[in-house]
Structure formats: structure tokens, C-alpha cells
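[1] One predicted model, sequence on top.
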2 protein chains.
Amino acid sequence: MSKAELSPPRGTRDFYPEDLRLRAWLFEHFREVARRFGFEEVDAPVVEHAELYQRKAGEEIVEQLYHFHLHDRHLALRPELTPSLARMVIARQGALRLPLRWFAIPQCWRYERMTRGRRREHYQWNMDVWGEPDVTAEAELIAALFAAIDALGLAPGDVKLLVNHRRLLEEAVRARIPGREEAFEPLCVVLDKLAKIGEDAVLEQLSDPAGPVGLPRAVAAELVASLSARGLDEAGRLAGPASPALAELRRLFELLDAYDLADRVAFDASVVRGLAYYTGIVFEAHDAGGKLRAVAGGGRYDRLLESLGGRPLPAVGFGFGDAVIHELLVERGKLPDPRRRLDALVYPFSDAERPAAVRLAQSLRARGDSVELVLGHVKPKRALADADRAGAVRIYLVGPDEKARGVARVRELATGQERLEPLPAGG
Amino acid sequence: MSKAELSPPRGTRDFYPEDLRLRAWLFEHFREVARRFGFEEVDAPVVEHAELYQRKAGEEIVEQLYHFHLHDRHLALRPELTPSLARMVIARQGALRLPLRWFAIPQCWRYERMTRGRRREHYQWNMDVWGEPDVTAEAELIAALFAAIDALGLAPGDVKLLVNHRRLLEEAVRARIPGREEAFEPLCVVLDKLAKIGEDAVLEQLSDPAGPVGLPRAVAAELVASLSARGLDEAGRLAGPASPALAELRRLFELLDAYDLADRVAFDASVVRGLAYYTGIVFEAHDAGGKLRAVAGGGRYDRLLESLGGRPLPAVGFGFGDAVIHELLVERGKLPDPRRRLDALVYPFSDAERPAAVRLAQSLRARGDSVELVLGHVKPKRALADADRAGAVRIYLVGPDEKARGVARVRELATGQERLEPLPAGG
């Protein structure tokens, strides 16, 4: 094989033991938070029908679909889990106890040019509530998101949640250009790119008469300017006091106060989210310095089920990837170094002591210890060095003398203290 | 979307909460056994370069490769993990502490016609030892395999391990047709199909002059007949007393005696395994009734690293899938029904009590409880029914009276007993 083919495909990762310990550490925290919030874990296939993701173009996630044809099927590696979950809900709609509280930690793929050093796969913790129209669902989800941030060891000031409401923008669009409902989703997709491609390019795309939005340039400029609104008071000026979206935002902030999270959340009109399907409140968690991409993001998507042929069902959720949180933990000096835990190495000096060593190793395992049995024929010095390198707590030495006396010599590796323990009976 | 597209792609699975609890139960046992045996978890990409799997044709696993071209790359969904692990070992050869004890639980894919109701994806617990030529490695792996069988609740008699040695067959081939080393791997691939396609078809393939094996028909018939050998004494007659392969088998059985496993393991010359890369001892775990496919299987593959361009390194491992063990657990009446564990439901009667209910739910979560906070506006009867259906241990009722008194009414759902508990301070 060529050297390139001995690497993982570009943009994907191998997980050596130390990498996997870190992944397991992260996933354990996600699972533990989900458990405490009463969410149940689910999963769906890694490969789905590509059609599941074929929404309106313009979304990064659809344009970067990892898709292919195989035996007359058009398939895709999942770029996100939500459409699969929607499919699963539709298949059992009517038989499920609502609201559903589902979580998952799927690996997801996107085929992106590797210019920015971003990977083509990541894991994403998904938390979704299906069947609850009330903003209490948003509040619970945001609380779970912060519970994970805290559990991972970040300080309360390290991450800030920015919240917006798509209907604020929708109301603004409707007031200016009535009867153009179909332009709203592509509008959001374009506005989401503001930080990435800049104001000029956004205005260009919004006012392109051949494009899916096609706004008069002045209206486009007005909308882009409105995205600078910060804080609920400015939101009020944008929306007018009777706006239902504004009322929902106010209620969310009141609820978050009961969770002691009000000072970690702020209204920010520039948060639009790049997925077409959001319909209500949207939110993004960012590092306080604002240097990294979003740590997590989500929102309400009350029309997704209908768009896939199901009966209407309100839903809200977020995704929390493994990449940006890793960068942030490194930056804040909070990335742990989970060590291997090995209770014991069992070392028979020769084949004559091996049956006794096997029985000893098995009896230690039966009581729950993690035990490496030294394999093959190894010199004592090497066995001791191995025990050190493996980080073992102790080594059980079974030589001819010990065997004759029916004992093992046990050395605690931290202190060098030795004692004798009886070998298990047998053989 | 069409109805077909609302299902998972053919041969793949959705995991609803009850499915995922069962998967998690199985994986926990795999992980726990691996931990006790001192194995470290690893993982590799789901999508690999297809070339990694392009060995000699004839293997089911290669012929059923789920592969596709994308942006000038020839990629494949992994059909097994071992080649990826070999790639990872090669990339760090020299820097790794040997022997490596690695395990993984990858999802793997094969594109098989769905005639037999078999799925196109499965999870497979992989346990491998890299860098140990001695048969003590085989013994440890077989002990771990049985530790999992036992941990899953099967009886000692439910699963039997059949063992063979590829070099026994190799010695027999060499004695009959010297200088045909290249025919050995395809020979094994064909012999492995005996139970599936029958003796006539196997003889046909072995003696096809245009095929990769091309044995004289009489020699082919002799080899097939030799596969009926059972027990080490018959193996001895096959091999001759000076056979190194036979000596290794005898040593394995002695070692397994120390593990108390000798009566669960038997020599069986018909076990060949369908993977081309095995070089030594091979084994398969079967249900005692012999009705199902193999529960697990593995063997020694000392030349895989070389064949991929690495330096020679002995290796041995097994794969233990999630499909056949599931069938066997069902058949033996041992499939568990892992229930959801929910400690509490917290129910505010109305918005006025919600902040107090939020603080209560958060304080219960902080102490580790799994808590559903009732969302939206729900009648008391519905909240109680929900608590029952969710299997909650208790429900915390926070109504106007309770809130005024600064307490929650706590009802244990198993007994109906009620008590009052103080609400956390705040707000």
C-alpha cells in the first residue's frame, strides 16, 4: 500500500488508546447530563437515503453532503442526525409518549475542502424534545447544554449563549415585502454566512434578482443592519411591543433566571443558524472570547416533520460537537489527560508457574480488577518495566519459590512495598 | 418522501430507546470484560480507502464490500476493523509497547443480498493482541471470549469453542502438492464454505483448473475428507506426531485447562475461517445445538502487517458480532429487558410554581438523580399517568399550596406513600 493509503482518509481520525480515553471522557459527560435530564439515548444508521437531506440548496450541510450511488440507490453518510430522528418519529407517530426527550452521540460527515484544517467527520451530542410547543422545552435544553459545559470543567464565564428568534426576522421581512414567504429559508441561510463571507457578499446574494431571495437592495441592507441588535430592549425596538416572538424570548429569559443562567445568556440578532428548517428560537453557545466557531447550536424546528410527510409536531433541539469544545478546553487549559487504569500485572517466571499465574489472574478479574497477564516468555526486568509503563498499581510475581510455597509476591509499584498473598487453589 | 425512504436503508437499523438500552447492555459487558483483561479501547474511521480490503478475491467479506467512488477516491465502509488496526500499528511501529492489547466495538458493513434476512451492518467486539507469537495470547483471548459469554448470562454448556490450526492443513497440502504455496489462501476461503454450499460445490471449486486452487480432484477429495477429524487424537493422525502445529494445539489445550475451559473447547478440523489472512490457530464459538452461525470467531494472522507494507509482527484476535449472540440469547430465554431508570418526575401545577419546580429539579439533578421536569401546561392526572408510563420512582408535586408552604409533595409511585420535602431556597 502507498503511504497515503496507510493514513486514515483525509479529514478522518484514528483513535489510539489515549485518543479514545479522551473521547470516552467527553461522551460520559454527555451521557451523564442527558441521564440527569431524563433523556433517552437513540441512534440511527450512519448511511441514509440521500433524499432525506435534500432540502433547499444553499445550506452548507446539504452542499457538503458525502453522497454516492450504490446499486441504484442514492445514499449519503449522515451530515446530521435530526432528519433520521424525524424519520423515526414519523414511523411511530401516535405510539410514542410525548414529549419525547431523545439524545444521541452520532458521528456525522461532511465533504468539505480541507483548506481550513477542519475535519470531515465529527461526533455531535444531540439533545431533542419532540412534541412540546412551549418554551419550557428550550429552557430545559439550554440548561442541559450549560450542565455539560460545567461538568467538563469550564468556568461559568467561559461560554456564553446567544439567542435569537427566527420569527423576529420573519416579521421584519413580512412587514417589508409581503407575500414572499418562500424567500425566508434561503434568506436565513445567507444571513448565517455574515461572519464568514462579510456584509458585501451577503448583500450581493440577498439582492441577486436571479437568486432564491431576490430582495430589493435597500431592504436587504436594512435587514443586515438589524442584525446588530443586542439585548432584549433592542429586540423590542426591532419587533414592536406586540410581537409574539418577543414575548416568547422574554418568557425564555424569565425561565432561565430560575435555572440561574440568565447572566450567561444574551439576545443577539445576528444568530440565525445555517439550517433551513428552524422556525422559532435559535441559539448558539460561543467561547466568551468569540475566537472559535460555535461550541453548540440549536433551535426550534416545528415544521420539519410535516416537510418529511409526517403529521405536524413541534420540536426543538441542539447539537454539541466534539471539535470546538476540544479547542476551547485546550485553550482554557482544561483538557484532561485521562490515564489508563490497570490494577495489576501478573507475571509467571516461566511456563512452570503459568497455570498458577493464570488462576491468580482469573481470580483477580473475578473480583473486578483490571489485570494484564504477562504473555510468552519475558525476563523479570522486562516484566517490571512493563508494569511501570502500563501504569499498573501492583505486580504479582509468581516464581518457582512462590509457587512452591503457594503464594504470590505482590509489589505495590508506587511504594515498592512487598507482601505475600496466597495463590488460589487448583490444578 | 416516499414510504421506502422513511425507513432506514435496507439491512440497517434504527435504535429506539429500548433497542439502544439493549445495545448498551451488550457493549457494557464487552467493555467490562476487556477492562478486566487489561485491553485498551481504540477505534478507526468508518470509511476507509477501499484498497485496504483488496486482498485475493473469493472472500465473502471482500466480495460484499460496500464501496464507492467519491472525488477520485475509492472508498469503502469498513467490512471489518482488523485492516484499520494493522494500519494504525504500522503508523506507530517501534513506538508502541508490545504486546498491544487492543479492543474495539466497531460497526461494520457488508453489501449482501438480503435473501437470508441478514443485515448489512452489525457491531463487532474486536479483541486483538499484537506482538506476541506465543500461544498464551490465544489462550487469553479465548478466556476473554468465554468471560463475555458467561457475563451475558449464558450457561457454560450453551456455547462451545471449536479450534483448528491452519498449518495442519498447510502441512497436508504441502505433502500432497509441493510448491503450490500460493494456492493455500484461496483453498482456505473455499473450504470455509463447506457447510454453506456443500461438498460437491467445494470439490468443484477446488479442482477447477481455471480457478485459484486447481487441485487434482482426488487430492481435493482427500482434503475435504480430512476435515471430519475431531479431537486432538484424530488431529495427530492427520498431522503426524512431529507437527509443530499439533504441538501448539496441545499447548493451547493445556493452558485452557488452567483457565477451567478445557471442557468447553474441542479440536475440529472443519473450522477454517473465511478470511484469507489467518496463518495459525483459528477458532469459532458456536451454540451447543449447532443451529446458528458462529457467535464469534478469530485466529492468528502473523503475516497481515507485512502484507500491508509493515515490518513483520505476530498478531491474533477475534470478532464477536451482535447479531448471532442476540439470536442465541433469545433462544435460551436469556435476553434481558433493560428498563429505563428514571428517579423522579417534577410537576409544577402552573406557571406560578414553575420557577420553584425548576430549582427543585436542578437540585435533584445536582445530587445525581435522573429527573424529568414536566414541560408546558399539563393537567395533574396526565402528569401522574406520565410518571407511571415513564417508570419513575417518585413524583414531586408542586402546587400553589405546596409553594406557599415552601415544600413539595413527594409520592412514591410503587407504594403511593406521600411525604413533604422542603423546596430549595431561591428566587
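    Noted; the coordinates are in hand.
[2] Would you mind listing the outside residues contacting the helix or strand of chain A with the lowest mean pLDDT?
    Across the helices and strands of chain A, mean confidence by mean pLDDT, DSSP states H and E is lowest for helix A:60-63: a mean of 77. Judged by CB atoms under 8 Å, 6 or more residues apart in numbering or on different chains, the contacts made with helix A:60-63 from elsewhere in the structure are A:Y53, A:Q54, A:R55, A:K56, A:A57, A:P79, A:E80, A:R110, A:G274, A:L275. Placement of C-beta: from N, CA and C, glycine included.
[3] got the buried residues for it?
    Of the residues in helix A:60-63, those with enough neighbours to count as buried (16 or more other CB atoms under 10 Å in any protein chain shown) are A:I61, A:V62.
[4] and if you look at stretch A:150-161?
    By neighbour count on 16+ other CB under 10 Å, the buried set for stretch A:150-161 is A:L152, A:L154, A:D158, A:V159, A:K160, A:L161.
[5] Please apply the same query to stretch A:91-110.
    Using 16+ other CB under 10 Å as the test for burial, stretch A:91-110 gives A:91, A:96, A:98-110.
[6] Kindly report the same for stretch A:48-62.
    Within stretch A:48-62, the residues that count as buried by 16+ other CB under 10 Å are A:E48, A:H49, A:A50, A:E51, A:L52, A:Y53, A:R55, A:G58, A:E59, A:I61, A:V62.
[7] Which of those fall within strands?
    Assignment to strands by DSSP state E places the following of the buried residues of stretch A:48-62 there: A:E48, A:H49.
[8] okay, the residue nearest to A:L342 when sequence neighbours are not counted: pLDDT?
    Closest residue in space to A:L342, ignoring its immediate chain neighbours: A:A392 at 4.6 Å, by CB to CB, 6 or more residues apart in numbering or on different chains. Listed pLDDT for A:A392 reads 97.
[9] Next: A:A57.
    According to the prediction, A:A57 has pLDDT 60.
[10] now A:G427
    The score at A:G427 is 55. That number is its pLDDT.
[11] cool, and A:F349?
    The predicted structure lists A:F349 with a pLDDT of 97.
[12] continuing past the longest strand seen in chain A, what's the next helix or strand?
    If each strand of chain A is counted by residues according to DSSP E, the longest one is strand A:121-130. Following the chain from strand A:121-130 toward its C-terminal end, the next helix or strand by DSSP states H and E is helix A:136-151.
[13] thinking again about what came up before, enumerate every residue touching the residue nearest to A:L342.
    Shown in contact with A:A392 (CB under 8 Å, 6+ apart): A:L342, A:D343, A:A344, A:L345, A:E372, A:L413.
[14] any idea how far the first one lies from A:S270?
    Meaning A:L342. Here A:L342 is placed at a distance of 50 Å from A:S270 (CB to CB, to the nearest Å).
[15] Check the third one too.
    Distance from A:A344 to A:S270, counting by CB to CB: 56 Å.
[16] before we move on, the earlier item: and the least confident helix or strand of chain A, how far from the chain's centre?
    Between the mean C-alpha point of helix A:60-63 and the mean C-alpha point of its chain there is a distance of 18 Å (CA atoms, centre = their mean, to the nearest Å).
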